[in-house]
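Peer 1: got a predicted structure here, sequence first:
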Amino acid sequence: MINKDKVAVMTKMAAYEAGDGRKNLAVCSYFRGDYVGFQMLKTWIAVTIAFCILFAVYLVYEMDSLMTDFYSIDLLGLGKKFGFAYLALCGVYLLAAFVISQRRYGLALRATVKFDKELDLLSGGEDDGFEEEE
């Protein structure tokens, strides 16, 4: 006979496997440290590119005043100001990437472990916790 409880669990598992299961499997294919490090590396590259674009926009916007006051500008002070801004921006975004990727990995691992337990329960023998209908 068809066990309705097993069919319901299998349907739920198939829906999970088609949706969030693929994402969670991709996340859990890494070690936690590797996944977090990779996410932080991607964040650092994106922040660096964004900062360079913003710096270029600033230079274009201030081109007139930079050209007229070129010899009186404190380049070392300006470099320190932009360096501090870059480090602060990187720090904030890397901290956010660290926290988010740690949480995402934990949730994916928890969901994958739950899926594996349900899979083991379904593949078990007669004593699997499901009652047979007649």
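Peer 2: Perfect, thanks for sending it. Residues are numbered from 1 along each chain as shown.
Peer 1: quick one, longest helix in this protein?
Peer 2: Ranked by residue count under DSSP state H, the longest helix found in the chain is helix 75-123.
Peer 1: from the chain's centre, how far out does that helix sit?
Peer 2: How far helix 75-123 lies from its chain's middle: 5 Å, per C-alpha atoms, centre = their mean, to the nearest Å.
Peer 1: could you list every helix and strand that it packs against?
Peer 2: helix 4-18, helix 20-28, helix 32-61 (3 or more C-beta pairs under 8 Å, 6 or more residues apart in numbering; DSSP states H and E). In this view, the C-beta of every residue, glycine as well, is placed from N, C-alpha and C.
Peer 1: how many degrees apart are it and helix 20-28 in direction?
Peer 2: 120 degrees (axes from the mean of the first three to the mean of the last three C-alpha atoms, to 10 degrees).
Peer 1: ok so, going back, and the helices and strands packed on helix 75-123, which one's lowest on average pLDDT?
Peer 2: Lowest mean pLDDT of these: helix 4-18, a mean of 83.
Peer 1: dump the helices and strands packed on helix 75-123 into JSON lines; add mean neighbour count as well.
Peer 2: Converted to JSON lines, those look like this (neighbours: other C-beta atoms under 10 Å):
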{"stretch": "helix 4-18", "mean neighbour count": "13"}
{"stretch": "helix 20-28", "mean neighbour count": "15"}
{"stretch": "helix 32-61", "mean neighbour count": "13"}
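Peer 1: what residues are up against the spatially most central residue of the chain?
Peer 2: Closest residue to the average C-alpha location of the chain: residue 101 at 4.4 Å, with C-alpha atoms, centre = their mean. Neighbour list for residue 101: 35-36, 39-40 [criterion: C-beta atoms under 8 Å, 6 or more residues apart in numbering].
Peer 1: quick check, nearest of those to residue 95?
Peer 2: Proximity of the contacts of residue 101 to residue 95 was ranked by C-beta to C-beta; the top entry is residue 40 with 9.4 Å.
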